[in-house]
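> Structural data only, the sequence is not supplied:
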(Lines give C-alpha, C1' and ligand atoms only; values in the text may rest on other atoms or scores of the structure.)
Protein backbone atom coordinates (compact mmCIF):
# COMPACT_ATOMS: atom_id res chain seq x y z
CA UNK A 1 0.00 0.00 0.00
CA UNK A 2 1.20 3.49 -0.76
CA UNK A 3 1.92 5.82 2.08
CA UNK A 4 -0.46 8.76 2.04
CA UNK A 5 1.24 12.13 1.62
CA UNK A 6 0.08 14.53 4.31
CA UNK A 7 1.67 17.82 3.38
CA UNK A 8 2.69 19.90 0.43
CA UNK A 9 5.39 22.47 1.04
CA UNK A 10 6.45 25.54 -0.89
CA UNK A 11 9.88 26.99 -0.13
CA UNK A 12 10.76 30.40 -1.53
CA UNK A 13 14.31 31.71 -1.51
CA UNK A 14 14.32 35.48 -1.86
CA UNK A 15 17.52 36.51 -3.59
CA UNK A 16 19.45 39.63 -4.46
CA UNK A 17 21.42 39.66 -7.62
CA UNK A 18 24.97 40.85 -8.02
CA UNK A 19 24.49 42.34 -11.45
CA UNK A 20 21.35 42.85 -13.39
CA UNK A 21 21.66 40.41 -16.21
CA UNK A 22 18.31 39.09 -17.24
CA UNK A 23 18.05 35.54 -18.41
CA UNK A 24 14.87 33.65 -19.05
CA UNK A 25 16.85 30.46 -18.57
CA UNK A 26 17.47 31.20 -14.92
CA UNK A 27 15.17 28.46 -13.61
CA UNK A 28 16.98 25.93 -15.80
CA UNK A 29 20.32 27.04 -14.32
CA UNK A 30 18.94 27.01 -10.78
CA UNK A 31 17.61 23.52 -11.36
CA UNK A 32 21.07 22.45 -12.49
CA UNK A 33 22.65 24.09 -9.44
CA UNK A 34 20.19 22.33 -7.13
CA UNK A 35 20.83 18.90 -8.64
CA UNK A 36 24.60 19.43 -8.46
CA UNK A 37 24.33 20.09 -4.77
CA UNK A 38 22.36 16.97 -3.90
CA UNK A 39 23.71 13.46 -3.49
CA UNK A 40 23.98 11.62 -6.77
CA UNK A 41 21.99 8.64 -5.57
CA UNK A 42 19.18 10.88 -4.35
CA UNK A 43 19.13 12.78 -7.65
CA UNK A 44 18.88 9.61 -9.68
CA UNK A 45 16.04 8.39 -7.43
CA UNK A 46 14.29 11.75 -8.05
CA UNK A 47 14.72 11.35 -11.78
CA UNK A 48 13.40 7.82 -11.80
CA UNK A 49 9.94 8.96 -10.79
CA UNK A 50 7.12 8.80 -13.29
CA UNK A 51 6.27 12.40 -12.43
CA UNK A 52 8.43 14.82 -10.47
CA UNK A 53 7.74 15.14 -6.77
CA UNK A 54 8.98 18.70 -6.82
CA UNK A 55 8.64 21.80 -8.97
CA UNK A 56 10.88 24.81 -9.39
CA UNK A 57 10.26 28.18 -10.94
CA UNK A 58 11.57 31.72 -10.71
CA UNK A 59 9.64 34.97 -10.24
CA UNK A 60 11.02 38.50 -10.44
CA UNK A 61 9.53 41.21 -8.24
CA UNK A 62 10.92 44.62 -7.19
CA UNK A 63 14.56 43.86 -7.95
CA UNK A 64 14.39 40.58 -6.05
CA UNK A 65 14.44 37.13 -7.49
CA UNK A 66 12.14 34.55 -5.95
CA UNK A 67 13.18 30.98 -6.38
CA UNK A 68 10.14 28.87 -5.62
CA UNK A 69 10.48 25.14 -4.98
CA UNK A 70 7.50 22.99 -4.10
CA UNK A 71 7.82 19.60 -2.45
CA UNK A 72 5.00 17.15 -3.03
CA UNK A 73 6.30 14.19 -1.05
CA UNK A 74 8.57 14.72 1.94
CA UNK A 75 9.81 11.11 1.82
CA UNK A 76 11.12 11.60 -1.68
CA UNK A 77 12.28 15.20 -1.42
CA UNK A 78 13.58 15.68 2.13
CA UNK A 79 17.15 16.29 0.96
CA UNK A 80 15.98 19.20 -1.23
CA UNK A 81 14.30 20.73 1.79
CA UNK A 82 17.30 20.13 4.04
CA UNK A 83 19.60 21.73 1.49
CA UNK A 84 17.42 24.79 0.74
CA UNK A 85 16.76 25.51 4.41
CA UNK A 86 20.31 24.91 5.61
CA UNK A 87 21.72 27.90 7.51
CA UNK A 88 25.03 27.56 5.69
CA UNK A 89 23.39 28.15 2.33
CA UNK A 90 23.72 31.90 1.84
CA UNK A 91 24.24 32.25 -1.83
CA UNK A 92 23.64 30.56 -5.12
CA UNK A 93 26.50 30.40 -7.58
CA UNK A 94 25.71 29.48 -11.16
CA UNK A 95 29.03 28.23 -12.52
CA UNK A 96 28.19 28.21 -16.21
CA UNK A 97 27.21 31.90 -16.28
CA UNK A 98 29.45 32.96 -13.39
CA UNK A 99 26.53 34.58 -11.57
CA UNK A 100 25.93 34.92 -7.86
CA UNK A 101 22.63 35.37 -6.03
CA UNK A 102 22.64 36.30 -2.34
CA UNK A 103 19.83 34.68 -0.36
CA UNK A 104 18.25 37.45 1.76
CA UNK A 105 15.12 35.67 2.95
CA UNK A 106 13.15 32.45 2.94
CA UNK A 107 9.41 31.76 3.00
CA UNK A 108 7.74 28.48 3.79
CA UNK A 109 4.12 27.77 2.95
CA UNK A 110 2.47 24.47 3.87
CA UNK A 111 -0.75 22.94 2.62
CA UNK A 112 -2.08 19.80 4.20
CA UNK A 113 -4.19 17.16 2.53
CA UNK A 114 -6.93 17.97 5.04
CA UNK A 115 -6.88 21.65 4.04
CA UNK A 116 -7.33 20.58 0.44
CA UNK A 117 -10.18 18.20 1.21
CA UNK A 118 -11.84 20.95 3.26
CA UNK A 119 -12.14 22.76 -0.06
CA UNK A 120 -14.10 19.85 -1.29
CA UNK A 121 -16.74 20.31 1.42
CA UNK A 122 -16.81 24.10 1.27
CA UNK A 123 -20.29 25.60 1.44
CA UNK A 124 -19.82 28.98 -0.17
CA UNK A 125 -17.24 28.44 -2.91
CA UNK A 126 -17.44 30.69 -5.95
CA UNK A 127 -17.56 29.21 -9.43
CA UNK A 128 -15.21 31.66 -11.14
CA UNK A 129 -11.45 31.40 -10.93
CA UNK A 130 -8.57 33.44 -12.22
CA UNK A 131 -5.62 31.30 -13.14
CA UNK A 132 -2.34 33.14 -13.59
CA UNK A 133 0.34 31.25 -15.50
CA UNK A 134 3.30 32.68 -13.60
CA UNK A 135 5.81 30.96 -15.83
CA UNK A 136 5.61 29.67 -19.42
CA UNK A 137 3.22 26.76 -19.57
CA UNK A 138 2.91 24.07 -22.19
CA UNK A 139 1.38 20.66 -22.82
CA UNK A 140 2.43 17.99 -25.25
CA UNK A 141 -0.14 16.11 -27.28
CA UNK A 142 0.52 13.80 -30.25
CA UNK A 143 4.12 14.95 -30.32
CA UNK A 144 3.19 18.62 -30.55
CA UNK A 145 3.30 21.36 -27.98
CA UNK A 146 0.03 23.12 -27.31
CA UNK A 147 0.38 26.88 -27.55
CA UNK A 148 -3.06 27.99 -26.40
CA UNK A 149 -4.65 27.09 -23.07
CA UNK A 150 -6.94 24.09 -23.31
CA UNK A 151 -8.90 23.30 -20.17
CA UNK A 152 -8.87 19.55 -20.84
CA UNK A 153 -5.07 19.48 -20.74
CA UNK A 154 -4.94 21.67 -17.65
CA UNK A 155 -7.52 19.65 -15.71
CA UNK A 156 -6.07 16.32 -16.78
CA UNK A 157 -2.60 17.42 -15.69
CA UNK A 158 -3.92 18.50 -12.29
CA UNK A 159 -5.94 15.30 -11.81
CA UNK A 160 -2.93 13.19 -12.82
CA UNK A 161 -0.68 14.90 -10.34
CA UNK A 162 -3.25 14.90 -7.57
CA UNK A 163 -3.76 11.20 -7.93
CA UNK A 164 -0.01 10.57 -8.27
CA UNK A 165 0.80 12.52 -5.10
CA UNK A 166 -2.05 11.35 -2.90
CA UNK A 167 -2.76 7.89 -4.28
CA UNK A 168 0.59 6.86 -5.78
CA UNK A 169 -0.66 6.41 -9.34
CA UNK A 170 -1.68 8.62 -12.27
CA UNK A 171 -5.24 7.29 -12.55
CA UNK A 172 -7.70 9.88 -13.87
CA UNK A 173 -11.47 9.49 -13.62
CA UNK A 174 -12.36 10.11 -17.26
CA UNK A 175 -16.06 10.77 -16.60
CA UNK A 176 -15.18 13.38 -14.01
CA UNK A 177 -12.69 14.97 -16.44
CA UNK A 178 -15.35 15.02 -19.18
CA UNK A 179 -17.89 16.61 -16.86
CA UNK A 180 -15.36 19.20 -15.72
CA UNK A 181 -14.57 20.07 -19.36
CA UNK A 182 -18.24 20.18 -20.36
CA UNK A 183 -19.19 22.50 -17.53
CA UNK A 184 -16.21 24.82 -17.45
CA UNK A 185 -15.30 27.56 -19.89
CA UNK A 186 -12.62 30.17 -20.35
CA UNK A 187 -14.57 33.45 -20.08
CA UNK A 188 -11.68 35.88 -20.54
CA UNK A 189 -7.93 35.92 -20.94
CA UNK A 190 -4.77 37.94 -21.41
CA UNK A 191 -2.02 35.75 -22.79
CA UNK A 192 1.34 35.84 -24.50
CA UNK A 193 2.94 32.97 -26.29
CA UNK A 194 6.50 32.15 -25.27
CA UNK A 195 9.36 29.89 -26.25
CA UNK A 196 10.97 28.47 -23.14
CA UNK A 197 14.64 27.53 -23.52
CA UNK A 198 15.38 24.06 -22.17
CA UNK A 199 18.77 22.61 -23.09
CA UNK A 200 19.21 23.11 -26.84
CA UNK A 201 15.55 23.53 -27.73
CA UNK A 202 12.70 25.96 -27.23
CA UNK A 203 9.36 24.79 -25.92
CA UNK A 204 6.37 26.76 -27.24
CA UNK A 205 3.90 27.71 -24.55
CA UNK A 206 2.10 30.65 -22.98
CA UNK A 207 1.92 32.82 -19.89
CA UNK A 208 -0.59 35.34 -18.58
CA UNK A 209 -4.07 35.00 -17.17
CA UNK A 210 -7.30 33.22 -17.90
CA UNK A 211 -10.58 33.46 -16.08
CA UNK A 212 -12.68 30.31 -16.03
CA UNK A 213 -16.25 29.68 -14.89
CA UNK A 214 -17.73 26.34 -13.88
CA UNK A 215 -21.48 25.88 -14.38
CA UNK A 216 -21.52 22.51 -12.65
CA UNK A 217 -23.08 21.64 -9.31
CA UNK A 218 -21.49 22.49 -5.98
CA UNK A 219 -19.63 19.18 -5.81
CA UNK A 220 -18.02 19.78 -9.18
CA UNK A 221 -17.16 23.39 -8.34
CA UNK A 222 -15.62 22.27 -5.05
CA UNK A 223 -13.65 19.54 -6.74
CA UNK A 224 -12.32 22.10 -9.25
CA UNK A 225 -11.49 24.41 -6.38
CA UNK A 226 -9.53 21.65 -4.72
CA UNK A 227 -7.44 20.61 -7.73
CA UNK A 228 -6.73 24.25 -8.63
CA UNK A 229 -5.56 24.93 -5.07
CA UNK A 230 -3.40 21.83 -5.36
CA UNK A 231 -2.12 23.18 -8.70
CA UNK A 232 -0.35 26.04 -6.94
CA UNK A 233 1.96 23.34 -5.55
CA UNK A 234 1.99 20.81 -8.37
CA UNK A 235 2.19 23.13 -11.38
CA UNK A 236 0.72 22.03 -14.71
CA UNK A 237 2.06 20.69 -17.98
CA UNK A 238 5.63 20.01 -19.01
CA UNK A 239 8.99 20.83 -17.36
CA UNK A 240 7.58 22.00 -14.03
CA UNK A 241 10.92 21.21 -12.36
CA UNK A 242 12.74 23.49 -14.77
CA UNK A 243 10.71 26.64 -14.44
CA UNK A 244 7.57 25.99 -16.46
CA UNK A 245 3.90 25.61 -15.55
CA UNK A 246 3.70 27.53 -12.25
CA UNK A 247 0.17 28.76 -11.57
CA UNK A 248 -1.56 31.03 -9.09
CA UNK A 249 -5.30 30.68 -8.51
CA UNK A 250 -7.83 33.15 -7.14
CA UNK A 251 -11.55 32.70 -6.63
CA UNK A 252 -13.11 35.78 -8.22
CA UNK B 1 -22.51 38.98 -65.36
CA UNK B 2 -21.24 40.76 -62.29
CA UNK B 3 -19.32 43.94 -62.75
CA UNK B 4 -15.75 43.52 -61.55
CA UNK B 5 -14.77 45.80 -58.70
CA UNK B 6 -11.55 47.67 -59.52
CA UNK B 7 -10.67 49.53 -56.37
CA UNK B 8 -10.83 49.28 -52.63
CA UNK B 9 -10.71 52.54 -50.74
CA UNK B 10 -9.92 53.35 -47.12
CA UNK B 11 -11.02 56.75 -45.82
CA UNK B 12 -9.75 57.90 -42.45
CA UNK B 13 -11.24 60.86 -40.64
CA UNK B 14 -8.80 62.23 -38.09
CA UNK B 15 -10.78 63.77 -35.25
CA UNK B 16 -10.23 65.81 -32.15
CA UNK B 17 -12.46 65.26 -29.22
CA UNK B 18 -14.17 67.93 -27.17
CA UNK B 19 -13.84 66.14 -23.86
CA UNK B 20 -11.93 63.05 -23.00
CA UNK B 21 -14.62 60.50 -22.37
CA UNK B 22 -13.57 57.06 -23.37
CA UNK B 23 -16.17 54.72 -24.74
CA UNK B 24 -15.51 51.38 -26.34
CA UNK B 25 -18.87 51.72 -28.09
CA UNK B 26 -17.70 54.67 -30.15
CA UNK B 27 -17.61 52.76 -33.45
CA UNK B 28 -21.20 51.63 -32.85
CA UNK B 29 -22.26 55.26 -32.31
CA UNK B 30 -20.30 56.45 -35.34
CA UNK B 31 -21.94 53.76 -37.42
CA UNK B 32 -25.34 54.98 -36.24
CA UNK B 33 -24.38 58.58 -37.04
CA UNK B 34 -23.24 57.60 -40.53
CA UNK B 35 -26.43 55.69 -41.32
CA UNK B 36 -28.56 58.60 -40.05
CA UNK B 37 -26.83 60.92 -42.47
CA UNK B 38 -27.37 58.81 -45.55
CA UNK B 39 -30.52 58.54 -47.64
CA UNK B 40 -32.94 55.98 -46.27
CA UNK B 41 -33.23 54.12 -49.55
CA UNK B 42 -29.46 53.87 -49.89
CA UNK B 43 -29.12 52.62 -46.30
CA UNK B 44 -31.69 49.91 -46.81
CA UNK B 45 -29.93 48.84 -50.01
CA UNK B 46 -26.67 48.66 -48.04
CA UNK B 47 -28.33 46.52 -45.39
CA UNK B 48 -29.83 44.16 -47.90
CA UNK B 49 -26.45 42.87 -48.94
CA UNK B 50 -25.42 39.39 -47.97
CA UNK B 51 -22.15 40.81 -46.68
CA UNK B 52 -21.36 44.47 -46.04
CA UNK B 53 -19.60 46.39 -48.76
CA UNK B 54 -18.03 48.66 -46.19
CA UNK B 55 -16.35 48.40 -42.81
CA UNK B 56 -15.93 50.91 -40.03
CA UNK B 57 -13.70 50.94 -37.00
CA UNK B 58 -12.12 53.42 -34.64
CA UNK B 59 -8.49 53.73 -33.54
CA UNK B 60 -7.09 55.99 -30.86
CA UNK B 61 -3.59 57.43 -31.25
CA UNK B 62 -1.90 60.41 -29.58
CA UNK B 63 -5.10 62.12 -28.42
CA UNK B 64 -6.64 61.80 -31.86
CA UNK B 65 -9.45 59.54 -32.89
CA UNK B 66 -9.16 57.86 -36.26
CA UNK B 67 -12.43 56.84 -37.83
CA UNK B 68 -11.57 54.36 -40.55
CA UNK B 69 -14.14 53.45 -43.19
CA UNK B 70 -13.34 51.06 -46.02
CA UNK B 71 -15.35 50.89 -49.21
CA UNK B 72 -15.28 47.61 -51.08
CA UNK B 73 -17.57 48.48 -53.99
CA UNK B 74 -17.84 52.06 -55.21
CA UNK B 75 -21.14 51.34 -56.97
CA UNK B 76 -22.76 50.33 -53.71
CA UNK B 77 -21.03 52.74 -51.37
CA UNK B 78 -20.51 55.98 -53.35
CA UNK B 79 -22.85 57.95 -51.07
CA UNK B 80 -20.76 57.01 -48.02
CA UNK B 81 -17.68 58.33 -49.79
CA UNK B 82 -19.44 61.49 -50.96
CA UNK B 83 -20.67 62.18 -47.44
CA UNK B 84 -17.36 61.50 -45.67
CA UNK B 85 -15.31 63.56 -48.11
CA UNK B 86 -17.76 66.46 -48.35
CA UNK B 87 -16.12 69.82 -47.51
CA UNK B 88 -19.14 70.82 -45.43
CA UNK B 89 -18.64 67.91 -43.04
CA UNK B 90 -16.48 69.39 -40.30
CA UNK B 91 -17.66 67.64 -37.20
CA UNK B 92 -19.38 64.54 -35.99
CA UNK B 93 -22.13 64.92 -33.45
CA UNK B 94 -23.30 61.85 -31.59
CA UNK B 95 -26.76 62.75 -30.39
CA UNK B 96 -27.31 59.94 -27.92
CA UNK B 97 -24.18 60.75 -25.91
CA UNK B 98 -24.12 64.47 -26.74
CA UNK B 99 -20.53 64.27 -27.93
CA UNK B 100 -18.79 66.24 -30.65
CA UNK B 101 -15.71 65.29 -32.69
CA UNK B 102 -14.00 67.91 -34.83
CA UNK B 103 -12.62 66.56 -38.08
CA UNK B 104 -9.06 67.87 -38.43
CA UNK B 105 -7.79 65.75 -41.28
CA UNK B 106 -8.62 63.08 -43.83
CA UNK B 107 -6.56 60.29 -45.36
CA UNK B 108 -7.42 58.29 -48.43
CA UNK B 109 -5.71 55.00 -49.28
CA UNK B 110 -6.56 53.08 -52.43
CA UNK B 111 -5.79 49.52 -53.37
CA UNK B 112 -6.56 48.28 -56.84
CA UNK B 113 -7.43 44.76 -57.82
CA UNK B 114 -4.28 44.74 -59.98
CA UNK B 115 -2.12 45.70 -56.98
CA UNK B 116 -3.62 42.77 -55.10
CA UNK B 117 -3.08 40.32 -57.93
CA UNK B 118 0.51 41.57 -58.25
CA UNK B 119 0.95 40.09 -54.78
CA UNK B 120 -0.06 36.82 -56.24
CA UNK B 121 2.82 36.88 -58.71
CA UNK B 122 5.40 38.28 -56.31
CA UNK B 123 8.82 36.63 -56.53
CA UNK B 124 10.30 37.37 -53.15
CA UNK B 125 7.38 37.25 -50.72
CA UNK B 126 8.13 36.19 -47.18
CA UNK B 127 6.16 33.40 -45.55
CA UNK B 128 5.73 34.96 -42.11
CA UNK B 129 3.08 37.54 -41.33
CA UNK B 130 2.15 39.54 -38.30
CA UNK B 131 -1.58 40.10 -38.06
CA UNK B 132 -2.66 42.81 -35.65
CA UNK B 133 -6.31 42.69 -34.63
CA UNK B 134 -6.78 46.45 -34.31
CA UNK B 135 -10.30 46.08 -32.97
CA UNK B 136 -12.09 43.24 -31.17
CA UNK B 137 -12.50 40.33 -33.52
CA UNK B 138 -14.88 37.41 -33.32
CA UNK B 139 -16.35 34.60 -35.37
CA UNK B 140 -19.57 32.73 -34.91
CA UNK B 141 -19.71 28.98 -35.30
CA UNK B 142 -22.59 26.67 -34.33
CA UNK B 143 -24.27 29.55 -32.55
CA UNK B 144 -21.23 30.28 -30.40
CA UNK B 145 -18.69 33.05 -30.59
CA UNK B 146 -15.09 31.96 -30.96
CA UNK B 147 -12.85 33.60 -28.37
CA UNK B 148 -9.46 32.42 -29.56
CA UNK B 149 -8.01 32.99 -33.03
CA UNK B 150 -8.57 30.06 -35.34
CA UNK B 151 -6.85 30.31 -38.71
CA UNK B 152 -9.61 28.39 -40.48
CA UNK B 153 -12.18 31.01 -39.50
CA UNK B 154 -9.87 33.86 -40.41
CA UNK B 155 -8.93 32.46 -43.83
CA UNK B 156 -12.49 31.42 -44.62
CA UNK B 157 -13.75 34.89 -43.78
CA UNK B 158 -11.12 36.49 -46.01
CA UNK B 159 -11.79 34.11 -48.89
CA UNK B 160 -15.53 34.67 -48.56
CA UNK B 161 -15.15 38.40 -48.71
CA UNK B 162 -12.59 38.34 -51.48
CA UNK B 163 -14.86 36.25 -53.62
CA UNK B 164 -17.92 38.35 -52.68
CA UNK B 165 -16.21 41.61 -53.59
CA UNK B 166 -14.43 40.53 -56.76
CA UNK B 167 -16.70 37.79 -58.03
CA UNK B 168 -20.08 38.73 -56.59
CA UNK B 169 -20.60 35.54 -54.60
CA UNK B 170 -19.30 33.97 -51.40
CA UNK B 171 -17.89 30.85 -53.02
CA UNK B 172 -14.88 29.43 -51.18
CA UNK B 173 -12.51 26.86 -52.72
CA UNK B 174 -12.58 24.31 -49.91
CA UNK B 175 -9.45 22.47 -51.07
CA UNK B 176 -7.51 25.70 -51.11
CA UNK B 177 -8.83 26.58 -47.64
CA UNK B 178 -7.81 23.13 -46.36
CA UNK B 179 -4.35 23.46 -47.83
CA UNK B 180 -3.95 26.94 -46.37
CA UNK B 181 -4.97 25.64 -42.92
CA UNK B 182 -2.72 22.57 -43.18
CA UNK B 183 0.32 24.59 -44.14
CA UNK B 184 -0.08 27.63 -41.92
CA UNK B 185 0.43 27.89 -38.18
CA UNK B 186 0.25 30.50 -35.48
CA UNK B 187 3.86 30.69 -34.25
CA UNK B 188 3.43 33.37 -31.59
CA UNK B 189 0.81 35.69 -30.18
CA UNK B 190 -0.08 38.38 -27.68
CA UNK B 191 -3.82 38.51 -27.19
CA UNK B 192 -6.52 39.79 -24.89
CA UNK B 193 -10.08 38.60 -24.85
CA UNK B 194 -12.74 41.32 -25.06
CA UNK B 195 -16.49 41.73 -24.89
CA UNK B 196 -17.62 44.13 -27.59
CA UNK B 197 -20.84 46.01 -26.84
CA UNK B 198 -23.29 45.90 -29.73
CA UNK B 199 -26.82 47.03 -28.94
CA UNK B 200 -27.87 45.25 -25.77
CA UNK B 201 -25.39 42.41 -25.90
CA UNK B 202 -21.68 41.77 -25.60
CA UNK B 203 -19.85 39.81 -28.26
CA UNK B 204 -16.88 37.80 -26.95
CA UNK B 205 -13.78 38.15 -29.08
CA UNK B 206 -10.12 39.11 -28.96
CA UNK B 207 -7.61 41.74 -29.96
CA UNK B 208 -3.84 41.87 -30.13
CA UNK B 209 -1.30 40.23 -32.38
CA UNK B 210 -0.54 36.87 -33.88
CA UNK B 211 2.39 35.84 -36.03
CA UNK B 212 1.67 33.15 -38.60
CA UNK B 213 3.99 31.16 -40.85
CA UNK B 214 3.02 29.40 -44.06
CA UNK B 215 5.08 26.36 -45.06
CA UNK B 216 3.33 25.97 -48.39
CA UNK B 217 4.79 26.57 -51.83
CA UNK B 218 5.29 30.04 -53.30
CA UNK B 219 1.85 30.04 -54.92
CA UNK B 220 0.16 29.34 -51.61
CA UNK B 221 2.27 31.92 -49.78
CA UNK B 222 1.46 34.50 -52.44
CA UNK B 223 -2.23 33.69 -52.28
CA UNK B 224 -2.12 34.12 -48.49
CA UNK B 225 -0.26 37.38 -48.98
CA UNK B 226 -2.98 38.60 -51.30
CA UNK B 227 -5.97 37.75 -49.11
CA UNK B 228 -4.25 39.18 -46.02
CA UNK B 229 -3.53 42.41 -47.88
CA UNK B 230 -7.17 42.43 -48.93
CA UNK B 231 -8.08 41.82 -45.28
CA UNK B 232 -6.84 45.28 -44.32
CA UNK B 233 -9.80 46.57 -46.33
CA UNK B 234 -12.37 43.85 -45.77
CA UNK B 235 -11.85 43.11 -42.09
CA UNK B 236 -12.57 39.63 -40.72
CA UNK B 237 -15.33 38.01 -38.72
CA UNK B 238 -18.52 39.53 -37.35
CA UNK B 239 -19.73 43.15 -37.11
CA UNK B 240 -17.00 44.69 -39.26
CA UNK B 241 -19.29 47.66 -40.00
CA UNK B 242 -19.70 48.37 -36.30
CA UNK B 243 -16.10 48.48 -35.22
CA UNK B 244 -15.02 44.86 -35.04
CA UNK B 245 -12.54 42.77 -37.00
CA UNK B 246 -10.13 45.40 -38.33
CA UNK B 247 -6.72 43.94 -39.11
CA UNK B 248 -3.28 45.21 -40.03
CA UNK B 249 -0.84 42.89 -41.76
CA UNK B 250 2.96 43.02 -42.01
CA UNK B 251 5.33 40.62 -43.74
CA UNK B 252 7.97 39.87 -41.13
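Here it is on my side, so go on. What you see is a predicted model, and the numbers here were worked out from it, not measured in a lab.

> Quick check: end-to-end length of stretch A:33-43?
12 Å (Cα to Cα, to the nearest Å).

> how about that stretch: buried residues?
A:33, A:34, A:35, A:38, A:42, A:43 (16 or more other Cβ atoms under 10 Å in any protein chain shown). The C-beta positions use only the backbone N, C-alpha and C, and glycine is treated the same way.

> Centre of the chain to that stretch, how far?
20 Å (Cα atoms, centre = their mean, to the nearest Å).

> average pLDDT across stretch A:193-202?
Model confidence over stretch A:193-202 averages 94 on the pLDDT scale.

> Contacts made by it with the rest, please.
A:24-25, A:28, A:136, A:138, A:147, A:203-207, A:239, A:242-244, B:186-190 (Cβ atoms under 8 Å, 6 or more residues apart in numbering or on different chains).

> Next, please give the residue ranges for the strands of chain A.
Using DSSP state E, the strands of chain A run over A:7-17, A:54-61, A:64-71, A:91-94, A:99-112, A:128-137, A:139-141, A:144-146, A:184-198, A:201-214, A:247-251.

> Those into TSV, with extra columns for mean neighbour count?
Formatted as TSV, the strands of chain A follow (neighbours: other Cβ atoms under 10 Å in any protein chain shown):
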stretch	mean neighbour count
strand A:7-17	18
strand A:54-61	20
strand A:64-71	21
strand A:91-94	14
strand A:99-112	14
strand A:128-137	22
strand A:139-141	15
strand A:144-146	15
strand A:184-198	19
strand A:201-214	19
strand A:247-251	17
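
> Which pLDDT does the model give residue A:103?
97.

> what's the spacing between it and chain B?
Distance from residue A:103 to chain B, counting by Cβ to the nearest Cβ, to the nearest Å: 34 Å.

> can you check residue A:213 too?
Note on residue A:213: its distance to chain B, by Cβ to the nearest Cβ, is 12 Å.

> who's in contact with that residue?
Contacts of residue A:213 by Cβ under 8 Å, 6+ apart are A:127, A:128, A:129, A:184, A:185, A:187.

> now chain A, which segments are flagged as low pLDDT?
A:1-4, A:18-22 (pLDDT under 70).

> Go through the contacts of residue A:213 and name the one nearest chain B.
Nearest to chain B out of these is residue A:187 (Cβ to the nearest Cβ; 7.9 Å).

> Touching, that closest one and residue A:129? I think so.
No. Using Cβ atoms under 8 Å, residue A:187 is not in contact with residue A:129, being 10.0 Å away.

> Now the common contact residues for these two.
Counting by Cβ under 8 Å, 6+ apart, the residues touching both residue A:187 and residue A:129 are A:211, A:212, A:213.

> What's the end-to-end length of stretch A:243-252?
First residue to last in stretch A:243-252 (Cα to Cα) measures 26 Å.

> Break chain A into its domains for me.
Following automatic domain parsing, chain A resolves into domains at A:7-112, A:113-251.

> Rebuild these as TSV, extending it with distance to residue B:159.
Shown next, in TSV, are these (distance: least, Cβ to Cβ, whole Å):
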stretch	distance to residue B:159
domain A:7-112	38
domain A:113-251	23
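
> With respect to residue B:50, which of these lies nearest?
Nearest to residue B:50 among the domains of chain A is domain A:113-251; the distance by Cβ to Cβ comes to 31.4 Å.

> Tell me the residues of chain A that contact chain B?
With Cβ under 8 Å from any Cβ of the partner chain as the criterion, chain A meets chain B at residues A:147, A:148, A:186, A:187, A:188, A:189, A:190, A:191, A:192, A:193, A:195, A:204.

> Identify the farthest-apart pair in those residues.
Longest span within the residues of chain A next to chain B, Cβ to Cβ: A:187 and A:195, 27.3 Å.

> What residues sit buried inside stretch A:175-183?
Here stretch A:175-183 shows A:177, A:179, A:180, A:181, A:183 as buried, counting by 16+ other Cβ under 10 Å.

> I figured residue A:57 was touching residue A:239, is that so?
No. Counting by Cβ under 8 Å, residue A:239 is not a contact partner of residue A:57; they are 9.7 Å apart.

> okay, and the common contacts of the two?
residue A:245.

> tell me the contacts of residue A:104?
Contacts of residue A:104 (Cβ under 8 Å, 6+ apart): A:14, A:15, A:16, A:64.

> try 6 Å
By Cβ atoms under 6 Å, 6 or more residues apart in numbering or on different chains, the residues touching residue A:104 are A:14, A:16.

> Same question for residue A:185.
Residue A:185 makes contacts with residue A:213, as judged by Cβ under 6 Å, 6+ apart.

> Over to residue A:92?
A:33, A:101.

> rerun at 10 Å
Residue A:92 makes contacts with A:13, A:15, A:17, A:29-30, A:33-34, A:37, A:65, A:67, A:99-103, as judged by Cβ atoms under 10 Å, 6 or more residues apart in numbering or on different chains.

> wait, which of those is closest to residue B:222?
Taking those together and measuring to residue B:222 by Cβ to Cβ, the closest member is residue A:29, at 44.2 Å.

> surely that closest one meets residue A:96?
Yes. When contacts are counted by Cβ atoms under 10 Å, residue A:29 is listed as touching residue A:96 (6.7 Å).

> Please say which of these two ends up with more neighbours.
Using other Cβ atoms under 10 Å in any protein chain shown, the more surrounded residue of residue A:29 and residue A:96 is residue A:29, with 19 against 9.

> beta partners for the residue lying closest to the more buried one once chain neighbours are set aside?
Of all residues not flanking residue A:29 in the chain, residue A:94 sits nearest, at 4.7 Å (Cβ to Cβ, 6 or more residues apart in numbering or on different chains). Counting by DSSP bridges, residue A:94 is bridged to residue A:99.

> what's residue A:252 in contact with, if anything?
Contacts of residue A:252 (Cβ under 10 Å, 6+ apart): A:126, A:127, A:128, A:129, A:130, A:211, A:212, A:213.

> How about stretch A:113-130, which residues are buried there?
Buried residues in stretch A:113-130, counting neighbours by 16+ other Cβ under 10 Å, are found at A:116, A:119, A:125, A:127, A:129.

> isn't the fourth one right next to residue A:224, touching?
If I follow you right, that is residue A:127. Yes. Under the criterion of Cβ under 10 Å, residue A:127 is in contact with residue A:224, at a separation of 8.2 Å.

> Show me whatever sits in contact with both of the two.
Common neighbours of residue A:127 and residue A:224, using Cβ under 10 Å, 6+ apart, are A:183, A:184, A:212, A:214, A:216.

> Contacts only, for the fourth one.
In this case it means residue A:214. Going by Cβ under 10 Å, 6+ apart, the list of residues near residue A:214 reads A:125-129, A:151, A:179-180, A:183-185, A:220-225.
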